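Peer 1: Let me see the structure of the following:
(one chain, ligands or ions: 1)
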Amino acid sequence: VNEPATRATVQSEVERYAQRALGNSEDFVPGQTHVPVSGRTLAPQDFVALVEACLDGWLTAGPRTETFERQIAQRLGVRSGLMVNSGSSANLVAVSALTSPLLGSRRLRPGDEVITPALGFPTTLNPIIQNGLQPVLVDVDLGTYAMKVQEVRDAIGPKTRAIIAAHTLGNPFEADVIRDICRERDMWLIEDNCDALGSTLHGRPTGSFGDMSTLSFYPAHHITTGEGGMVAFNSPKLRRPLESFRDWGRACYCPPGEDDTCGRRFDWQLGGLPAGYDHKYIYSHIGYNLKSTDIQASLGSSQLQRLDFFGEMRKRNFRYYMDGLEDRPELLLPRATEGSDPSWFGFPILVRPESGIKRRDLIQFLDERNIGTRLLFGGDLRRQPAYADVEFRLASDLGGADQAMKHGFWIGTFPGLTDEMKAFVVETILEFLESPPS
Ligand SMILES: Cc1ncc(COP(=O)(O)O)c(C=O)c1O
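Peer 2: So this is what the prediction gives:
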């Protein structure tokens with residue numbers, strides 16, 4: 001379908017509509033207007049991008065997905081991107097790919113160990129367990145909420161073959177040093193970059209250090225596609241395992257709508273299948289369907305154009321909270337990892353236990369005034385009910401994760417926060433600290 005004149009009319013009408021709809025923000029009323037922790041930041045061109053993709057009539061992943069994958073790869077400075085339907089799917093596909101027989105002796109096998117921080121989001125950890133691998137938990141540093149390099153070194157045992165770790169709340173872990181450690185020992189590194197698109201470490205984008213890195217485009221994240229995610233990677237050897245796990249486990253690697261990319265569609269003899277069994281229906285992995293659509297990708301490309309602006313806003317909001325709260329001895333404020341320039345996903349605060357103040361009282365005080373807060377995701381994940389039957393190897397004591405789980409929380413830094421909102425947040429926290437409940 002291509003009707004340039006009609007398209008142009010639709011486009012300008014959509015733009016007009018979006019300008020009006022987005023312009024209708026209500027006045028901020030302290031205590032009444034909700035101050036969220038996160039939210040998508042849409043502009044008229046995002047609505048146009050969505051509608052344009054709908055008008056293509058292309059309902060699955062297609063040319064717009066290829067473009068978005070290329071744009072993300074370029075942005076990160078890696079060779080390739082592979083779009084999926086969420087950040088969790090990106091982690092699942094990335095870890096699963098490492099178990100592929102296509103990787104020969106470097107493939108991970110059941111029981112092989114994978115190091116990951118104890119504190120974080122569950123779907124960084126889950127794919128390790130889902131693939132029959134052995135999770136090895138390391139602690140996090142309070143303030144940066146990143147793994148400590150020495151603890152990672154100490155955690156490595158004879159069966160340790162990979163590390164997957166998130167740049168928590170946008171603050172990088174020392175991915176350059178960890179990558180070198182992995183290279184020395186022939187281990188894989190996956191950066192969960194879901195919360196950190198736009199962050200840099202020693203001038204390089206996070207997500208460009210590991211063998212693979214993952215992104216989430218859920219509305220809370222730096223850019224959004226609604227639901228959506230991406231695996232970014234360099235080695236062409238990873239493409240087929242990644243695509244296969246994403247696309248039902250199939251052996252065939254034809255793009256949608258094509259039939260004989262390998263030129264041998266009816267000539268394969270694999271497994272116990274009859275000779276010449278159609279390659280389209282040969283499965284080389286126990287896979288999933290985690291594919292996304294061109295409509296999502298179109299929004300992604302549009303949003304990506306404003307990533308730098310979003311990042312600047314996040315940094316500005318972060319600095320505002322830092323300036324407003326830094327004199328308070330009751331709070332441990334966040335600290336950027338040395339050599340990094342984080343695009344903060346949120347502003348983590350640890351209520352120092354020795355202050356006598358309870359986190360619960362503070363977040364309840366904020367909640368009553370309509371200020372949103374979040375905990376540091378699942379905390380020490382080992383303690384979540386879902387993992388009651390999972391055997392973890394603990395590489396260190398998990399004192400940092402424990403403290404962060406008991407006393408930490410975060411407030412938003414997303415671009416949609418207004419100056420009035422931020423001022424009210426700081427004012428409210430200071431008000432609480434001046435007269436906390438006894
Ligand atoms: C570190 C981290 N990894 C993975 C995810 C999962 O992303 P998604 O919600 O797109 O599945 C999140 C979600 O916020 C996250 O914070």
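Peer 1: number of nearby residues for the residue lying closest to residue 283 once chain neighbours are set aside?
Peer 2: Spatially, and ignoring its direct neighbours in sequence, residue 283 is nearest to residue 249 (4.5 Å; Cβ to Cβ, 6 or more residues apart in numbering). For glycine as for every other residue, the C-beta is placed from the backbone atoms N, C-alpha and C. Here the count is done by other Cβ atoms under 10 Å, and residue 249 has 16 residues near it.
Peer 1: Could you do the one 4 residues further on as well?
Peer 2: Residue neighbour count, defined by other Cβ under 10 Å, stands at 14 for residue 253.
Peer 1: for the ligand, what are the nearby residues on this structure?
Peer 2: Contact residues, the chain versus the ligand (Cβ under 6 Å from any ligand atom): 86-88, 91, 121, 123-124, 166, 192, 194-195, 216, 218, 229.
Peer 1: One more pass at 5 Å, please.
Peer 2: Contacts of the chain with the ligand, taken as Cβ under 5 Å from any ligand atom, map to 86-88, 121, 123, 166, 192, 194-195, 216, 218.
Peer 1: can you give me the helices for the chain?
Peer 2: With helices called from DSSP state H, the chain shows them at 4-23, 44-56, 63-76, 87-97, 122-130, 149-155, 175-184, 239-246, 294-304, 307-325, 359-368, 399-407, 419-434.
Peer 1: Tell me which residue in the stretch 201-350 of the chain sits closest to the ligand.
Peer 2: For the stretch 201-350 of the chain, the nearest residue to the ligand under the criterion Cβ to the nearest ligand atom is residue 216, separated by 3.3 Å.
Peer 1: nope, the stretch 1-150 of the chain is what I meant
Peer 2: Taking Cβ to the nearest ligand atom, the ligand has its nearest neighbour within the stretch 1-150 of the chain at residue 87, 2.6 Å off.
Peer 1: any idea how far stretch 317-332 is from the chain center?
Peer 2: Using Cα atoms, centre = their mean, to the nearest Å, the mean C-alpha position of stretch 317-332 is found 25 Å from that of the whole chain.
Peer 1: Please tell me how far the residue nearest to residue 283 sits from residue 89.
Peer 2: Residue 249 sits at a distance of 14 Å from residue 89 (criterion: Cβ to Cβ, to the nearest Å).
Peer 1: Please report the distance of the nearest residue to residue 363 once chain neighbours are set aside from residue 146.
Peer 2: Nearest-residue entry for residue 363: residue 373, 4.6 Å, with adjacent residues in sequence omitted and distances by Cβ to Cβ, 6+ apart. Spatial separation of residue 373 from residue 146 under the definition Cβ to Cβ is 21 Å.
Peer 1: Isn't residue 345 up against residue 169?
Peer 2: Yes - at 4.5 Å, residue 345 counts as touching residue 169 under the criterion of Cβ atoms under 8 Å.
Peer 1: Now the common contact residues for these two.
Peer 2: With contacts taken as Cβ atoms under 8 Å, 6 or more residues apart in numbering, the residues that reach both residue 345 and residue 169 are residue 195.
Peer 1: When those two are compared, which one has more neighbours?
Peer 2: Each of residue 345 and residue 169 has its neighbours counted (other Cβ under 10 Å); residue 345 has more, 29 against 25.
Peer 1: show me what contacts the more buried one?
Peer 2: Taking Cβ under 8 Å, 6+ apart as the definition, contacts of residue 345 comprise 38, 169-170, 195-196, 220-222, 314, 413.
Peer 1: do residue 277 as well
Peer 2: 268, 270.
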